[in-house]
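whatever this is, show me its structure:
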Amino acid sequence: MNDDTEYDLDEVNATRDAEAEAKTRAENRAERAERAERMAREGAQAMAEHHAAIKAMDERTVRLRSLRLAKEAADAQAKAAEKEAKAAAKSSAKKAAPKKTTAKG
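A predicted model of the protein is given here:
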C-alpha cells in the first residue's frame with residue numbers, strides 16, 4: 001500500500017469514529033432527556049398522590065373529631081340527665097318518707 005491509501009483509510013476511519021461518537025453522544029443526550037422527563041412525570045404523580053393522601057387524612061381527622069365531640073356531648077347530656085333523675089328521686093323519697101313522731105306518754 002502506498003502512503004496515500006493508508007492516509008485515506010485513516011481519514012475514513014477517523015471520520016467513521018467521529019460520526020459514531022457523535023451518534024453515541026446524541027443517543028446519550030436523548031436517553032438523559034427521556035429519563036429526566038420520565039422522572040419529572042413520576043415526581044409530579046407522586047406529589048399528587050402525596051397531597052391526596054394528606055387531604056384524605058385531614059378529612060378523616062375532621063370527621064372523627066366531630067364524631068368524638070358529638071359522643072362527648074351526648075355522654076355529658078346523659079350524665080346530667082342521670083344526675084337530675086337521681087336528685088329528683090332523692091327529693092321525692094324525702095317527701096314520701098313519713099315523719100317520725102314521738103309518743104309522749
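
please enumerate the strands of this structure.
Using DSSP state E, the chain contains no strands.

pLDDT of stretch 42-54, averaged?
What stretch 42-54 shows for mean pLDDT is 98.

ignore the last one, stretch 29-36
97.

gap between that stretch and the chain center?
31 Å (Cα atoms, centre = their mean, to the nearest Å).

likewise stretch 23-33?
Offset of stretch 23-33 from its chain centre (Cα atoms, centre = their mean): 37 Å.

for the chain, which segments count as helices?
3-96 (DSSP state H).

tell me where the model's unsure across it.
Flagging of the chain using pLDDT under 70 yields the residue ranges 1-8, 96-105.

rerun that using 80 as the cut-off
Filtered on pLDDT under 80, the chain yields the residue ranges 1-10, 12, 92-105.

just the CA trace of stretch 64-83, in CSV.
The C-alpha trace of stretch 64-83 is given here as CSV (Å, rounded to 0.1, in the frame of the first residue of the first chain):
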residue,chain,number,x,y,z
LEU,A,64,-63.5,11.6,63.6
ARG,A,65,-63.2,14.8,65.7
SER,A,66,-66.8,15.7,65.0
LEU,A,67,-67.9,12.2,66.0
ARG,A,68,-65.8,12.3,69.2
LEU,A,69,-67.2,15.8,70.1
ALA,A,70,-70.8,14.6,69.4
LYS,A,71,-70.2,11.5,71.6
GLU,A,72,-68.7,13.6,74.4
ALA,A,73,-71.7,16.0,74.2
ALA,A,74,-74.2,13.1,74.3
ASP,A,75,-72.3,11.5,77.3
ALA,A,76,-72.3,14.8,79.2
GLN,A,77,-76.0,15.2,78.5
ALA,A,78,-76.8,11.7,79.6
LYS,A,79,-74.7,12.2,82.8
ALA,A,80,-76.6,15.4,83.5
ALA,A,81,-79.9,13.8,83.0
GLU,A,82,-78.9,10.9,85.2
LYS,A,83,-77.8,13.3,87.9
